[in-house]
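1. the sequence isn't on hand, but the structure is:
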């Protein structure tokens, strides 16, 4: 089990070692210095043996679905919240309806992520709370703190766009230190095949996962159904599969119908964090390794009460 307090202390010490991050753009840090710090941190954290086996091979294949881009259209957000309880939601920071949605979702015991805008290769506008390569590590951390306050119940972080930034090792390391410090998990939306976000998170021992299927890249109902069928096939083949979607009316129409009874399809619908636990367990078992890599301290993902109080007063 990871000692999150120890991680936070050692992470802070190592950031002092590479304090050049405080005054220069994160992406221009010495790769050797940053990678050395990461390696030292990874080696310094001891994990105890698991108390018991997780029994992941006895569980049915699992799928998780995250509804992205929540926060700008209230009606669409509320309709998305009417989906089955294990659907997860990614909320854009500083969006007009994001804080209220996150608070309501938390009250309903739904899983919420911060959907963090990141610089893309196409130069698309980021919107508020976005991360750019030219930012210093100090600016990145302040942007993240401000964004997290607007989504106080967030248990994880996912990237919105980011085809450029998620390919930058130093920028992703700065981001993941923050994710680790705040006891969040990370979802790599995989908006580019060059992404290093997931590997960076895994290297630091952060519970993380990569997107398998975009359900509504083409929002026609027939295409959404086809992508959902692909998601199920992947889960049946590999044990887990993660799909991302958006609160489009066509997507909601299809998901309302398909998610009524996923057991008849041979899969179980679970939250994003539950899918990470299951995939970590299956991966560890497939390598013949002890399962401690799958025994993260998930209790740490309950959002700090201080964040909830901040939002309640806004």
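-> Okay, I see it. Computed from a prediction, not measured in an experiment: that's the story for all the values here. Numbering: from 1, shown residues only.
2. how about residue 92, nearest residue that isn't a chain neighbour?
-> Distance criterion Cβ to Cβ, 6 or more residues apart in numbering; nearest residue to residue 92, sequence neighbours excluded, is residue 71 at 4.2 Å. Every residue, glycine included, has its C-beta placed from N, CA and C.
3. distance of the one you found relative to residue 277?
-> The gap separating residue 71 from residue 277 is 27 Å, by Cβ to Cβ, to the nearest Å.
4. residue 155 too?
-> 13 Å.
5. same deal with residue 83?
-> 21 Å.
6. all helices for the protein, in order.
-> Counting by DSSP state H, the chain has helices at residues 4-17, 31-44, 74-81, 98-107, 137-150, 169-181, 197-203, 221-238, 249-258, 272-286, 305-312.
7. which of these is buried the deepest?
-> helix 169-181 (a mean of 24; mean count of other Cβ atoms under 10 Å).
8. tilt between it and helix 137-150?
-> Calculated by axes from the mean of the first three to the mean of the last three Cα atoms, to 10 degrees, helix 169-181 forms an angle of 40 degrees with helix 137-150.
9. start the count at 22 instead of 1 going forward.
-> OK, 22 is where the count begins now, so the last one is helix 190-202.
10. what about helix 190-202, average pLDDT?
-> What helix 190-202 shows for mean pLDDT is 97.
11. and what of stretch 124-133?
-> The average pLDDT for stretch 124-133 rounds to 96.
12. just for the stretch 22-171 of the chain, where's the confidence low?
-> Within the stretch 22-171 of the chain, the segments meeting pLDDT under 70 span 22-75.
13. chain center to the strand ranked longest in the chain: distance?
-> Longest strand in the chain, counting residues (DSSP state E): strand 83-91. Remark: strand 83-91 is offset 10 Å from the chain centroid, using Cα atoms, centre = their mean, to the nearest Å.
14. got it, and stretch 141-151?
-> 18 Å.
15. ok, the residue nearest to residue 113 - contacts?
-> If you count contacts by Cβ atoms under 8 Å, 6 or more residues apart in numbering, residue 92 has them with 98, 112-113, 116-119, 122, 136.
16. repeat for residue 249
-> Under the criterion of Cβ under 8 Å, 6+ apart, the contact partners of residue 249 comprise 236, 264, 275-276, 279.
17. residue 264 now?
-> Counting by Cβ under 8 Å, 6+ apart, residue 264 touches 84-87, 232-236, 248-249, 252.
18. among those, which one lies nearest to residue 183?
-> Lowest distance from residue 183 to these (Cβ to Cβ) belongs to residue 232, with 11.8 Å.
19. ok, that closest one - contacts?
-> Applying Cβ under 8 Å, 6+ apart to residue 232 gives the contacts 208-211, 263-265.
20. hmm, try it at 6 Å
-> Neighbour list for residue 232: 210-211, 263, 265 [criterion: Cβ atoms under 6 Å, 6 or more residues apart in numbering].
21. in the sheet, who's paired with residue 133?
-> Note on residue 133: beta-bridge partners by DSSP bridges are residue 110.
22. can you count the residues close to the residue nearest to residue 97 when sequence neighbours are not counted?
-> Excluding the flanking residues, the one nearest residue 97 by Cβ to Cβ, 6+ apart is residue 268, at 3.9 Å. Residue 268: 24 surrounding residues under other Cβ atoms under 10 Å.
23. could you measure from residue 278 over to residue 101?
-> Distance, residue 278 to residue 101, using Cβ to Cβ: 15 Å.
24. oh sorry, the question was meant for residue 255
-> Look at residue 255 and residue 101: by Cβ to Cβ, they are 23 Å apart.
25. try residue 110
-> Residue 110 is 7 Å from residue 101, where distance means Cβ to Cβ.
26. mutual contacts of these two, please.
-> Counting by Cβ under 6 Å, 6+ apart, the contacts common to residue 110 and residue 101 are residue 88.
27. for residue 103, which non-adjacent residue is spatially closest?
-> Among residues not flanking residue 103 along the chain, residue 277 sits closest, at 7.9 Å (Cβ to Cβ, 6+ apart).
28. again but with residue 283, I slipped
-> Here the nearest residue to residue 283 in space, its sequence neighbours aside, is residue 290; by Cβ to Cβ, 6+ apart that works out to 4.7 Å.
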